[in-house]
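Novice: Here is my input; please provide its structure:
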Amino acid sequence: MRGALIVALACLALNTAEAQTVNKSKFGKGLQFIAADSSFSLKLGTRFQMLYQGAINNSTDQLDDRFLIRRARLKFEGFAYSPKLEYKIELGLSNSDIGNDDPARFNNADNIILDAVAMWNFAPNWELWVGQTKLPGNRERIISSQKMQFVDRSLLNSRFNIDRDAGLQLHHTHTMGTTVVRESGSISMGEGRDITVNNAGGYDYTAKIEVMPFGEFEGGGAYVGSDLVREETPKLAIAAAYNFNDNASREGGQLGDFLVDERDLRTLFVDYMFKYRGFSSMAEYANKTAPAGPVVLRSDDGAVEETFVTGNAFNIQAGYLFPSNWEVAGRYTTYNPDKATNLRSQEQYTLGLSKYISGHSLKVQSDVTLQDQPGRENAYLFRLQMEVAL
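Specialist: Sure, this is the predicted structure:
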C-alpha cells in the first residue's frame, strides 16, 4: 500500500511536469510547475539526512555507534483552483519517519503521511487549515527538521511536544504599528497522525498567541534555526500556547505507546526566538500535567508499569554564524518528570558546529552532548549529519 501511494504521487508529478512549464526551479526550492491557465501549481521537493551517532558511557568506556538514514522525505505543495487555497502533502519514508500504531489495540499501519493539509485564505489575514499537520505548539517542534540549528531537537521536545494531529486550525495575523501579532487555535483528534480508528477518548484543543514587537523576521526566520539571513535589525518573537487533550490514550498525548486507561492532559508552552546580525537565541519552557494522576498501571509490588509522561522541561540555545557560514552553537536542556511517574530526570549540555554550504538545503552539522542523569554514570553522545534537500 505504501509503495502504491508513492508510485501514484510520483506519476502525478511526472505527468504534471510534461504538461506544464518549469517556473523558478532552483537548488533547494524543488521542481516548480504552474498550470497554463493558472488553475493550480505544484512544487515537488525531496530531502534526506544521513546520520552517524555514537555514545560512550563513563563507567564502561564502551562505544555504541551506528549509521542511519534519520529522515527521508517527499513534499508536494502549491495552490489548487485559486492562490487563496494552498495545500501541502509531506511523506516520510525512513523507519524513523514511519513508526507504527500499537497492533495489540489497533490495526497496524505505516505512518507514511506526515502532512496532508489544505489552507484556505478566506479573508484578509485569516486562514482555515483542514487536514493533518503540526499543531500550534512549541516553537522547536514547528521548526522544520530541515531547518534546525542542531543535529536534532532537544529533550524538551521529545518528551513534551504535541506533534501532528488531524482536524481543523484557524490562524489570524494582524499588526499594531511595527508589532505583529499572530493567534491560532485548533481542534483535533488527539491521538496523533495517521490514526484510522474511531476517537479513543475526547478531542484535543490548542490555542496559541505570538507577538513580534520589532516586526516580521526575514524569510520566516521566527521558525528557522540560526540567523542565516543576518537580520539587519534586532528581531524578537515571544509565544505562549496551551493544549488540552481530553481523555488522552497515548503516553504523550499525540505520541508514544497506547495505555490501558485514559487521562486528561494539559500542556503549557512558553518560548522566544531572537536574531540579530548572525547571532540567534531560542528558549522554551514546557509543563505537562494530568490532574487525575499520570500513572495508569502498577505491578503487584507497586512498581509503575504504564504512565503518561508529565512534568516540566526547559531548553535554551544560542549560536553565532560567522561570515564563512560556519556556526558555533550551545544548548542546555533540563527535563524534570513528575515523581509519580518514576521516570528519570536528566540534564543535557550540547556543543554544536555546523557548516552551511547552501543554507539549510545543503549542510553538515555535528554536536557533542553530555547527558547527566542522577543515579547513573554520565554519558557522551556525539553526532555527525549531512542534509541534502533539492
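Novice: For stretch 282-295, buried residues please.
Specialist: Met282, Ala283, Glu284, Tyr285, Ala286, Asn287, Lys288, Thr289, Ala290, Pro294, Val295 (16 or more other Cβ atoms under 10 Å). From N, CA and C alone the C-beta is placed, and that goes for glycine too.
Novice: Looks to me like the second one is in a helix.
Specialist: It refers to Ala283. No. Going by DSSP: H, G, I helix; E, B strand; the rest coil, the assignment for Ala283 is strand, not a helix.
Novice: Would you mind measuring from it to Arg73?
Specialist: As judged by Cβ to Cβ, to the nearest Å, Ala283 and Arg73 stand 28 Å apart.
Novice: got it, and the last one?
Specialist: Val295 sits 37 Å away from Arg73 when distances are taken as Cβ to Cβ.
Novice: mind listing what Gly359 touches?
Specialist: Gly359 makes contact with Gly28, Leu228, according to Cβ atoms under 8 Å, 6 or more residues apart in numbering.
Novice: ugh, typo on my part, it should be Asp261
Specialist: Here Asp261 is in contact with Val296, Leu297, Glu306 (Cβ under 8 Å, 6+ apart).
Novice: what's the closest non-adjacent residue to the last one?
Specialist: So that's Glu306. By the measure of Cβ to Cβ, 6 or more residues apart in numbering, the closest residue to Glu306 outside its immediate chain neighbours is Leu297, 3.8 Å from it.
Novice: Surely that neighbour touches Arg263?
Specialist: No. With contact defined as Cβ atoms under 8 Å, Leu297 does not count as touching Arg263 (11.8 Å).
Novice: who's more crowded, those two?
Specialist: Neighbour tally, Leu297 and Arg263, criterion other Cβ atoms under 10 Å: the higher count belongs to Arg263, 25 against 12.
Novice: Okay, and the beta partners of that one?
Specialist: Beta bridges link Arg263 to Ala248 when assigned by DSSP bridges.
Novice: That one is in contact with Ala290, isn't it?
Specialist: Yes. Between Arg263 and Ala290 a contact is recorded at 4.4 Å, counting by Cβ under 8 Å.
Novice: Identify the contacts common to those two.
Specialist: Common contacts of Arg263 and Ala290, defined by Cβ under 8 Å, 6+ apart, comprise Phe308.
Novice: The helix or strand containing the residue nearest to Glu306 pairs with which strands, parallel or anti?
Specialist: Secondary structure from DSSP states H and E places Leu297 in strand 295-298. Here strand 295-298 is paired, per DSSP bridges, with strand 304-307 (antiparallel).
Novice: Now the partner strand: buried residues?
Specialist: In strand 304-307, counting by 16+ other Cβ under 10 Å, buried: Thr307.
Novice: Counting by contacts, list what the helix or strand harbouring Tyr356 packs against.
Specialist: Tyr356 belongs to strand 346-358 when assigned by DSSP H and E. Contact partners of strand 346-358 among helices and strands, from 3 or more Cβ pairs under 8 Å, 6 or more residues apart in numbering; DSSP states H and E: strand 311-321, strand 326-337, strand 362-372.
Novice: nearest to Ile98, of these?
Specialist: Checking these against Ile98 by Cβ to Cβ gives strand 362-372 as the closest, at 23.1 Å.
Novice: Going by neighbour count, which residues in the closest one are buried?
Specialist: Leu362, Lys363, Gln365, Ser366, Asp367, Thr369, Gln371.
Novice: same question, stretch 255-269
Specialist: For stretch 255-269, the neighbour count (16+ other Cβ under 10 Å) marks Leu255, Gly256, Phe258, Leu259, Glu262, Arg263, Asp264, Leu265, Arg266, Thr267, Leu268, Phe269 as buried.
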